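Chemist: Provide a 3D model corresponding to the input given below.
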Amino acid sequence: MLLTMKGVHSLAHACSRMTPMYISTTPGKYLQRCFASKTWEHTRKRKKPGGAGNRILSDAREVFEFNAWDHVEWDTEQEAAAQAAVAKNSTIKMSDDQRERFQSDAPKFWDSFYGIHDNRFFKDRHWLFTEFPELAPISNNELSEPRSIFELGCGVGNTILPILQYSTETQLRIYGCDFSARAIEILRSQPQFDDKRCEVFVMDATQEEWNVPFEENSQDIIVMIFVLSAIEPSKMQGVLDNCYRYLKPGGLLMFRDYGRYDLAQLRFKSGKCLEDNFYVRGDGTMVYFFTEEELRSMQTKAGLVEEQLIVDRRLQVNRGRCLKMYRVWIQTKFRKPLLKS
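Modeler: As a prediction, the model looks like this:
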């Protein structure tokens, strides 16, 4: 059944009262088309054009044809609206006592998070080997030397378990640590976990000295995926400095995290801001939203050399509800220089 034009405009008016940065509706035939779900049957089995990361929205009329679009450009109006939303939700800052509580009790909040979600939080990161091919399985005849991978903030194994599952490297050693003892417990209980190739442990990465089962200058790869954002800004540089210490010369730090004006930042209500661009979620966990300049500055200061720094602006679409949601992530690869001979 098609909506009447009066119904279309009423629905559009109701939706327009929501945050404009992540919800968009258009009266008329496109809104009608959005709710006529059968018109999308022809898209269900269509392959993504151009491979991973290359679904580009060139015609706005096709926005609801797929669930996501890559490399979305923002205009000045959208950027200004995002800035205004952040200015509004960060005007009121939490007290020093509140900040101290959330920061000192961070491991407890993460334990509670994983205690509630248990292993249901595990998601196979299908993009992992595409975005970070350095983590992809290497056949033993291609690699004669051992290699070692350390994931900082491994959670319940969203990165470690796919590597263990698909890699047949006999000389691969994987390490992982997390704030949360509960997360480590869940990870060790997974059927894919192999304690002969992988060692995981509880560690507060914000400590000045790391207690780890390997030497400095020993890791081929260190991975940080949506981890640094959970750490208070004043301690971020120390974490990156330690990454430099434990990478071997020529080793790679691979990073992915939230970018400034991501949907998650715009959704925060007033009173949840700890300091500029640093918030506390309803479950007590914290999150920061980065700019590329901040990440370049911190990693360069640690002594690392930039190889990749990408701002991934993506449009995710809920076709059933006609929602457009703008995500912003930042991905980097920085390498520890080789020793000079």
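
Chemist: Name the residues of the longest helix seen in the chain that are buried.
Modeler: In the chain, taking DSSP state H as the definition, the longest helix is helix 76-89. Using 16 or more other Cβ atoms under 10 Å as the test for burial, helix 76-89 gives A81, A82, A85, V86, N89. In short, each C-beta sits where N, CA and C put it, glycine included.

Chemist: Below-threshold pLDDT in this protein: ranges please.
Modeler: For the chain, applying pLDDT under 70 flags the ranges 1-53, 56-69, 71, 107, 110, 113-125, 139-144, 316, 320-321, 341.

Chemist: quick one, strands of it?
Modeler: Residue ranges of the strands in the chain, as given by DSSP state E, are 68-69, 147-152, 172-178, 198-202, 219-225, 247-258, 273-275, 278-280, 286-288, 305-318, 323-335.

Chemist: Make CSV from these and add mean neighbour count and distance to T76 to it.
Modeler: CSV is the format used below for those (neighbours: other Cβ atoms under 10 Å; distance: least, Cβ to Cβ, whole Å):
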stretch, mean neighbour count, distance to T76
strand 68-69, 16, 20
strand 147-152, 22, 37
strand 172-178, 23, 41
strand 198-202, 18, 46
strand 219-225, 23, 31
strand 247-258, 21, 22
strand 273-275, 18, 25
strand 278-280, 22, 25
strand 286-288, 21, 25
strand 305-318, 16, 15
strand 323-335, 20, 15
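
Chemist: would you turn those strands into a markdown table with distance to L161?
Modeler: Output for these, formatted as a markdown table (distance: least, Cβ to Cβ, whole Å):
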| stretch | distance to L161 |
| --- | --- |
| strand 68-69 | 24 |
| strand 147-152 | 11 |
| strand 172-178 | 10 |
| strand 198-202 | 9 |
| strand 219-225 | 13 |
| strand 247-258 | 17 |
| strand 273-275 | 32 |
| strand 278-280 | 29 |
| strand 286-288 | 24 |
| strand 305-318 | 23 |
| strand 323-335 | 21 |
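
Chemist: nearest to L266, of those?
Modeler: Nearest to L266 among the strands of the chain is strand 323-335; the distance by Cβ to Cβ comes to 8.3 Å.

Chemist: So which elements touch that closest one?
Modeler: In terms of contacts (3 or more Cβ pairs under 8 Å, 6 or more residues apart in numbering; DSSP states H and E), strand 323-335 is packed against strand 247-258, helix 263-266, helix 292-301, strand 305-318.

Chemist: Switch the ones you listed over to a markdown table; also include distance to V328.
Modeler: Listed next are the helices and strands packed on strand 323-335 as a markdown table, based on distance: least, Cβ to Cβ, whole Å:
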| stretch | distance to V328 |
| --- | --- |
| strand 247-258 | 7 |
| helix 263-266 | 8 |
| helix 292-301 | 11 |
| strand 305-318 | 5 |
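
Chemist: one step back: run through who's touching the longest helix of the chain.
Modeler: Helix 76-89 has contacts (Cβ atoms under 8 Å, 6 or more residues apart in numbering) with 19-21, 74, 261, 265-266, 268-270, 272-273, 277, 279, 326.

Chemist: In ChimeraX, how would I select the buried members of those?
Modeler: Entered in ChimeraX, the line below selects the buried ones among these, by 16+ other Cβ under 10 Å:
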select :20,21,261,265,266,268,272,273,277,279,326
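
Chemist: Excluding sequence neighbours, find me the nearest residue to I138.
Modeler: Computed as Cβ to Cβ, 6 or more residues apart in numbering, the closest residue to I138 that is not its neighbour in sequence is E169, at 5.8 Å.

Chemist: Distance check, the one you found against V156.
Modeler: Separation of E169 from V156 (Cβ to Cβ, to the nearest Å): 23 Å.

Chemist: okay, these two: which has more neighbours?
Modeler: Neighbours were counted for E169 and for V156 using other Cβ atoms under 10 Å; V156 has more, 25 against 17.

Chemist: Need the nearest residue in space to the more buried one, chain neighbours excluded.
Modeler: Nearest non-adjacent residue to V156, counting by Cβ to Cβ, 6+ apart: I186, 4.6 Å away.

Chemist: Just give me the neighbour total for that neighbour.
Modeler: For I186, using other Cβ under 10 Å, the count is 23.

Chemist: Tell me how far it lies from E79.
Modeler: Taken as Cβ to Cβ, the span from I186 to E79 is 40 Å.

Chemist: can you check E307 too?
Modeler: Using Cβ to Cβ, E307 is found at 28 Å from E79.

Chemist: just F268 next, same as before
Modeler: In terms of Cβ to Cβ, F268 sits 18 Å off from E79.

Chemist: Then L187?
Modeler: Plainly put, L187 is 39 Å away from E79 if you go by Cβ to Cβ.
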